[in-house]
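Trainee: Fold the following and give me the result.
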Amino acid sequence: MPKRLILIVEDEIVIVRELEEALENLGFTTCGFAPSGEEALLHAERERPDLALVDIRLRGKMDGTELAGVFSKRLNIPVIFITAFSNREVIERAKLSDPFGYIVKPVRESQLRVCLELAFERIAGEKKRKAVDKSYLETIDQLREQLAQGSDGPDSTSMNLERTEDRLHAHKGKTSPVKKSPNSSIFPRIPRKPIAGISGRS
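Mentor: Have a look, this model is predicted:
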């Protein structure tokens, strides 16, 4: 398995070197460091790291929380904050970017290891969830197309469609609450085409 790439975004070179050494001891590979948000974006676009360790206070106009938001929305790069600040205001701002961890300096290697393990476990879980969601949605699209064309028996197709939608709801409910009213569907139902010789059911 290739080593996971970590980008360090920190403007204190002493801390950068300490993090590089700790990451190497833990079996990770650093793909460089950047002292500012602007430089970090250029670096991330070029290197595509698996995760970024980001200080909240950085050089330049962009701070760590703003950078984390861009990483998440534009590049899909998860972030662990590393900062000397632990007051409520800073933490609340950091939470807005949905970080994968938050470490208060000075950083201990054991603390970094646990935070990284939890972060990559979450990353793997989210990838698996998205893959399952995609599979269900593809199946739903196929069943809806069959139902629209009136092929393979509309009754059985409709039942399979509703069963698959229910499974998707159940799967989503494990990770985020999804409200579903009785007899509802996440997709609008396609009216069944009348079949010759068979009267409609009430």
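
Trainee: what's the closest non-adjacent residue to Gly60?
Mentor: Spatial nearest neighbour of Gly60, excluding adjacent residues (Cβ to Cβ, 6 or more residues apart in numbering): Ser36 at 3.6 Å. Just so you know, the C-beta spots here come from the backbone N, C-alpha and C atoms, and that holds for glycine as well.

Trainee: same thing with His43?
Mentor: Counting by Cβ to Cβ, 6+ apart, the nearest residue to His43 once its immediate chain neighbours are dropped is Ala34, at 4.9 Å.

Trainee: wait, the one you found sits on Ala40?
Mentor: Yes - counting by Cβ atoms under 8 Å, Ala34 sits close enough to Ala40 to count as a contact (3.9 Å).

Trainee: Quick check: neighbours shared by these two?
Mentor: Leu7, Val9 (Cβ atoms under 8 Å, 6 or more residues apart in numbering).

Trainee: who has more neighbours, the two?
Mentor: Ala40 (28 against 24; other Cβ atoms under 10 Å).

Trainee: Now do the SS call for the more buried one.
Mentor: helix (DSSP: H, G, I helix; E, B strand; the rest coil).

Trainee: Then Glu21?
Mentor: Classification of Glu21 into helix, strand or coil gives helix, according to three-state DSSP.

Trainee: Counting neighbours, what do you get for the residue nearest to Gly60?
Mentor: By the criterion of other Cβ under 10 Å, Ser36 has 17 neighbours.
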